[in-house]
Structures are given as structure tokens and as C-alpha cells.
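1. after the sequence you'll find the predicted model.
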Amino acid sequence: MPPRLAHLRTARNLGRSFTTASTPRPRVRITEVGPRDGLQNEPRPIPLDTKLELLSRLSRTGLKHIEAGSFVSPKWVPQMADSANIARTLPTRAEIASTPAGEKIRWSYLCPNMKGMESALEYKVPEIAVFLSASEGFSKKNLNCSINESFEKVIPVVKAAKAAGIPVRGYVSMVITCPYSGKTPPQMVLKVTEKLLEMGCYEVSLGDTVGMGTVDTVGTLLKCLKEEGGIRLEDYISGHFHDTFGMGIANVGEAVKWGVRGFDGSVAGLGGCPYAKGATGNVATEDLVWFLEGAGFDTGVNLEELAKIGDWISADIGRRNESRVGKAIMSKVEKTAAKGEQEALKTINEIPRAIPVAA
Ligand SMILES: CC(C)(COP(=O)([O-])OP(=O)([O-])OC[C@H]1O[C@@H](n2cnc3c(N)ncnc32)[C@H](O)[C@@H]1OP(=O)([O-])[O-])[C@@H](O)C(=O)NCCC(=O)NCCSC(=O)C[C@@](C)(O)CC(=O)[O-]
């Protein structure tokens, strides 16, 4: 059998075993980045109340890892200037501390340096993320320093977080290609990823910041991390795919094939990066959940609720809902709305939750 078909057979077999009634479906980790990555690039100021409402609604979907804000310079990213208010307010709202299943929600905040870390410590945030680049050009644009200098800045941040018992997630940006430096060598991504893991990040999220990755380039990168770096992709790597070229979900599929079990999504596909012109949002979380559930995984996320949130936030901030799955679900809701709420819900629930890959 040619290698491509052999791979399809593996996927089918996986789909079958995942959907056997007696075996629990394997879990995937989803990090919702909409309130941070999604909103940080919005040109108009978004009221704090809208952000809090978004976080509150997301907390009721089953998502348990949500990026709530960013302790960065307000001159650089004005939209995130109210992150301290968010960090101060969230712990006062007991009703959104846990998912509907009772799991504690991990609100996370970006911290580029010790000044950001001071805020994280002041507000006792549950988690932080540090972010570096695999390309020198983007490092300069995004962090105003070289890759080596950015390491010097995050080492004390990670140390301080560990001393305070705060888990740290790492990001590597421009893992495939960079608008300033060109193609990123996978070995460079490996080097930065290894350093972040050695420092003590519990996982590293690989950012295809400009969404130019394809299944081939993503596969080549993951092969390098796995085979040259010996990194256990299922435990230590998440995929952070922007959907600028419409390849996001295809790249998630490729990453799943390589064993990656963590993915970032942004509700309604909100987003872009202030220092990567033309980059659009992440893979929409609705699309991610649909795809992963369809492949036999358990995301723990209520897709209908998520679709409603995507619809609401897009309308509220005046942008297009970029989630095709979200729009499809909402059109079902609208079409059946005349029949009453119960009927509408029944129709949504008819959408297959887990489509076996083998079907
Ligand atoms: C990193 C810096 C701060 C360096 O910025 P800088 O200008 O080199 O830093 P500085 O130390 O010289 O400080 C300059 C001013 O910023 C202040 N400052 C300094 N640090 C902070 C802080 N933490 N919080 C609040 N204020 C801060 C500092 O106090 C000072 O204020 P001034 O004296 O001029 O009034 C700056 O470049 C910055 O904030 N950049 C923003 C980067 C960013 O947020 N980018 C978007 C997120 S990354 C991303 O989206 C990619 C990702 C993660 O999603 C993955 C992917 O898709 O690839």
C-alpha cells in the first residue's frame, strides 16, 4: 500500500477504536485563546464588561483552560491594558471558578518579563504563559529584542512563577515561516522548545503565527521535534494554528497524526497578531471541537453553547464570525427557532457529535 493510503488506514483504525462504546474516548487539551489572542488585535477598544462577559460565558462551555489577558506594555498592545482589571475581577466571581463539571478553570495571562510577572504575582493568577519566537525578525518586532535576549527576560519569570507555584506555558511563534526572516528551520523551533521545557514550562504551544503551514511543513516540524529532539509530543506540545490560509484544521489533523493532543482555538476565529501583518485569527474553537469530536476524541466542550458565544461576540464587536461550524450550527438554530426552543435544541443535538473517521 502506498504510504499515503497506509496513513489513511491508520486513521480509520484509530477512529474505530476511539468510538467503540465500551472504551472511553481519549481526551484532548483545548486552550481557548480568544479573549487574549483573539481580542488583542481589535482596533476599537472593547469594554471591560464585554471581555468579562465573554470569559464568563466561556466558563460555562466546559473549556477549562482559558487565556484571560496579557500583562504586556499597554503602549504596545493597548487592547490588553485592562488585563489587571480582569485578573482582579475573575477571582471574585465564584460562579465562574469551575466548569459545569466542577473542574477548576485555569485562567492564564501572557507575561513577557518581570514587570508582567509582578502583576501575575500581585493578582495571584492561576497560570502564566511566556512567549518567544523561533525567528529573529519577529522577536525584534514583537518583543523588541533578540531571541537570546528574550530568553534572558523569561528565565527569571519562569523561576519566579515556579517559586510561587504558578504553572508556566511556553509559546514559540513563527514555527513555520516568518514575514521578516523567511522560512524557519525546524531545528530552530526545536532549540527554543527544548529550552522552554528545560526551564520548566509544562508544555510548549507551537505558533504558526501567519498560518502559512501546510500538512507537509507541519509534519516535517513535528518529525524533527519527535525524532531529533525526542520530545513526547502528546504530553509536551500543543498546536497553535492560525487560519490565515485556511489550513488550520488540516494542520490540526496532521498534528493529531503525529500524536499531538493539545490545541489552541479562538472562539469564532477571533484574532490576529499586532506584529504579524495580515495574520488572521486562530483556528475557530468551534471548528476544532467539531473536528476533534468527529475524530473520536473527547473535548469536554459543549459545542452548541460555544457556537452561541461565537455568534454573540462577533455581533457584539462588529466582526464576521469566522467559524464555519459555528455558523452552520447557528443557522440550524435560527431555522428552527420558530418551532420553539425545545425543537431548536433537538435539531442541534441531531448533529452527530462524533463521526467515526471510518464512517
Ligand atoms: C516586551 C515589551 C514590554 C518590551 O518593550 P520595551 O519597550 O523593549 O520594554 P522596556 O522594558 O524598555 O519598557 C518600555 C515601557 O513599557 C513598560 N513595560 C515593560 N514591560 C511591561 C509589562 N510587562 N507590562 C506593562 N508595561 C510594561 C515599561 O514600564 C516602560 O514604560 P514607560 O517607562 O515607557 O512608561 C514590549 O515589547 C511588549 O509589551 N510587547 C508586546 C508583545 C505582545 O503582546 N505581542 C502579542 C502577543 S504574542 C502573540 O500574539 C503570539 C502568540 C503567543 O499568540 C503565539 C503565535 O501566534 O505565534
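-> Here it is on my side, so go on.
2. contact partners for whichever residue of the stretch 101-250 of the chain sits closest to the ligand?
-> Here the residue of the stretch 101-250 of the chain nearest the ligand is residue 207; by Cβ to the nearest ligand atom that distance is 2.5 Å. For glycine as for every other residue, the C-beta is placed from the backbone atoms N, C-alpha and C. Residues in contact with residue 207 (Cβ atoms under 8 Å, 6 or more residues apart in numbering) are 171, 172, 173, 174, 175, 240, 242.
3. quick one: strands adjacent to the one helix or strand it maps to?
-> Applying DSSP states H and E as the criterion places residue 207 in strand 203-208. Strand 203-208 has its sheet partners listed here by DSSP bridges as strand 168-173 (parallel), strand 237-241 (parallel).
4. out of those strands, which gets nearest to residue 114?
-> For residue 114, the closest of these is strand 168-173, at 13.5 Å, according to Cβ to Cβ.
5. skipping adjacent residues, who's closest to residue 107 in space?
-> If the residues on either side of it in the chain are set aside, residue 107 comes closest to residue 68, at 4.2 Å by Cβ to Cβ, 6 or more residues apart in numbering.
6. distance of that neighbour from the ligand?
-> 14 Å (Cβ to the nearest ligand atom, to the nearest Å).
7. go on, residue 320?
-> Distance from residue 320 to the ligand, by Cβ to the nearest ligand atom: 20 Å.
8. count of residues packed around the residue lying closest to that residue once chain neighbours are set aside?
-> Spatial nearest neighbour of residue 320, excluding adjacent residues (Cβ to Cβ, 6+ apart): residue 314 at 6.4 Å. Look at residue 314: counted by other Cβ atoms under 10 Å, it has 21 neighbours.
9. likewise the one 5 residues further on?
-> Other residues near residue 319 come to 16 when the count uses other Cβ under 10 Å.
10. quick revisit: in what helix or strand does the residue nearest to residue 107 lie?
-> In this assignment (DSSP H and E), residue 68 forms part of strand 65-70.
11. residue boundaries of the helices in the stretch 201-350 of the chain?
-> 215-223, 233-236, 248-258, 285-294, 303-317, 324-336, 341-349 (DSSP state H, counting those that start in this stretch).
12. mind giving me CSV with the ones you listed and columns for distance to residue 135 and mean pLDDT?
-> Shown next, in CSV, are the helices of the stretch 201-350 of the chain (distance: least, Cβ to Cβ, whole Å; pLDDT from 0 to 100):
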stretch, distance to residue 135, mean pLDDT
helix 215-223, 13, 98
helix 233-236, 21, 98
helix 248-258, 18, 98
helix 285-294, 25, 98
helix 303-317, 30, 97
helix 324-336, 30, 88
helix 341-349, 42, 53
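13. which of the ones you listed sits closest to the ligand?
-> Of all those, helix 248-258 comes closest under Cβ to the nearest ligand atom, at 11.7 Å.
14. returning to that earlier point: how about the strands paired with strand 203-208, which one is nearest residue 319?
-> strand 237-241 (19.7 Å).
15. pLDDT of the closest one, averaged?
-> Mean per-residue pLDDT for strand 237-241: 98.
16. what does stretch 185-194 give?
-> Here the average pLDDT along stretch 185-194 is 98.
17. ok, and for it, which residues are buried?
-> Going by neighbour count (16 or more other Cβ atoms under 10 Å), the buried part of stretch 185-194 is 186, 188, 189, 190, 192, 193.
18. just those: which are in helices?
-> The members of the buried residues of stretch 185-194 that map onto helices under DSSP state H are 186, 188, 189, 190, 192, 193.
19. point to the residue nearest the middle of the chain.
-> Nearest to the geometric centre of the chain sits residue 264, at 1.7 Å (Cα atoms, centre = their mean).
20. show the contacting residues for that residue.
-> Residue 264 neighbours (Cβ under 8 Å, 6+ apart): 30, 31, 32, 33, 37, 205, 238, 239, 240, 241, 282, 283.
21. what does this structure put close to the ligand?
-> 37, 40, 70-73, 75-77, 110, 112-113, 115-116, 131, 142-144, 171, 173, 207, 209, 240, 273-275 (Cβ under 6 Å from any ligand atom).
22. among the residues you listed, which are in strands?
-> 70, 110, 131, 171, 173, 207, 240 (DSSP state E).
23. sweet, I'm off.
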